[in-house]
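1. based on what follows, work out the 3D shape:
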Amino acid sequence: MKPFRHLYLHIPFCKHKCGYCDFNAYAGMDGLMPAYVAALLTELDAARERYPFGSVRTVYLGGGTPSLLPAELMARLLAGIRERFEVEADAEVTLEANPVSTDPARLATWREGGVNRLSLGVQGFDPRALAVLERRTDGAQAERAFRQAREAGFENVSLDLIYGIPGQCDALWRETLQRAAALGPEHMSCYCLSFEAGTLLTRRRDRGLLAETGSDAQADQLEAAVEELGALGYRRYEVSSWARPGRESRHNRAYWRCRPVYGAGAGAHSYAAARDRAWRWWNLALPRQYIARAAEPRANGEELDLRQMRAERLMLGLRAIAGVAAQEGFEDELGELERAGLVTRRGARVAPTRRGLDLHNQVAMAVL
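-> Next comes the predicted model:
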């Protein structure tokens, strides 16, 4: 088994779960936070005994809303990671933050603990779009959080935005892009809103209270993102990601390259690999169950054979413009994708075309 060099830690707490969200996140459980942080460190202790780890190149704290953790608990968690692992001097350490729970005291704690990349969940600036998403924030709070991050010394900030929101016209989406870019972030992610089973947003659509944005309108808004962000010097390097040169997400790139990633926390997923096989497993999702079994939190998993490994390398590698080495045994599939104009050959590598990035679902279906 190859050593883990990338860590993901899941923080499942939220003040309010937005109507579109199907992540493993829970509101009203703040009282569990101290026990949860202790459980994370217990899991990491057990993982060190069970699996090989190299020096850590990326750490990602996602959620949920990691920024909700009180400063002293986040300081304990960040210190605990460095006590247990050799974190490389230039490691990328990312923390997801909601503008509402971003303030100077928390930002100072994050910086002191080694966080050097902030991912702000802005999602939008238009109050009507935010209302559809049930986001309890506004554009002014997002701008304030960004300014405070800069004042705290964060030189690598990413903003998340959502398009395809019911009622959001192209002009409002372009205004959102322009307002976000005017802040000067190093990185932006633009995700198309999806209606996931079990979410309040989907129930509202099914009851006729919302009209889902059509695929043509979604495509137009994606095109607007390509135009607006490209004109402002951002490079689209992955299906949903734009960055200034050298500011691409190193942690996400590890996923797209099928690097081993250890995931700690409730519902977190891990991926491990050897030369001819790989393993994926995931933890218990409910926070209380996870805390009770932190030393052995695994809920289930699966083993991938060599062909499945190669299929995943293609599927994930073709999310990024850098592409991936053409995998043995997939000549027919790659040939069909090339004839369809979705991928292009670059010597021994294959990379998505612009159309292939926009239609990545078709690429994934072809190789899986």
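
2. list the contacts of residue 76.
-> Residue 76 sits next to residue 37 when contact means Cβ atoms under 8 Å, 6 or more residues apart in numbering. To be clear about C-beta, it is placed using only N, CA and C from the backbone, and glycine gets the same treatment.

3. that one falls within a strand, correct?
-> No - secondary structure assignment places residue 76 outside any strand; it is helix (DSSP: H, G, I helix; E, B strand; the rest coil).

4. for residue 205, helix, strand, or coil?
-> When the structure is split into helix, strand and coil by three-state DSSP, residue 205 lands in helix.

5. state the distance from it to residue 334.
-> 37 Å (Cβ to Cβ, to the nearest Å).

6. which of those two has more neighbours?
-> In this comparison of residue 205 against residue 334, neighbours counted by other Cβ atoms under 10 Å, the higher total goes to residue 334 at 20 against 15.

7. does that one touch residue 326 like I think?
-> Yes - using Cβ atoms under 8 Å, residue 334 and residue 326 qualify as a contacting pair, with a distance of 6.1 Å.

8. which residues are in contact with each of the two?
-> Common neighbours of residue 334 and residue 326 (Cβ under 8 Å, 6+ apart) are residue 350.

9. ramachandran coordinates for residue 268?
-> The main-chain torsion angles of residue 268 are listed as degrees, to the nearest 10 and equal phi -70, psi 150.

10. nearest spatial neighbour of it, skipping sequence neighbours?
-> By the measure of Cβ to Cβ, 6 or more residues apart in numbering, the closest residue to residue 268 outside its immediate chain neighbours is residue 10, 4.3 Å from it.

11. from residue 232, how far off is that neighbour?
-> Distance of residue 10 to residue 232, computed by Cβ to Cβ: 33 Å.

12. higher neighbour count, those two?
-> Neighbours were counted for residue 10 and for residue 232 using other Cβ under 10 Å; residue 10 has more, 26 against 16.

13. shouldn't the more buried one be within a strand?
-> Yes - when classified by three-state DSSP, residue 10 is found to be part of a strand.

14. where's it relative to residue 272, distance?
-> Distance from residue 10 to residue 272, by Cβ to Cβ: 17 Å.

15. can you check residue 69 too?
-> The spacing between residue 69 and residue 272, counted by Cβ to Cβ, is 28 Å.
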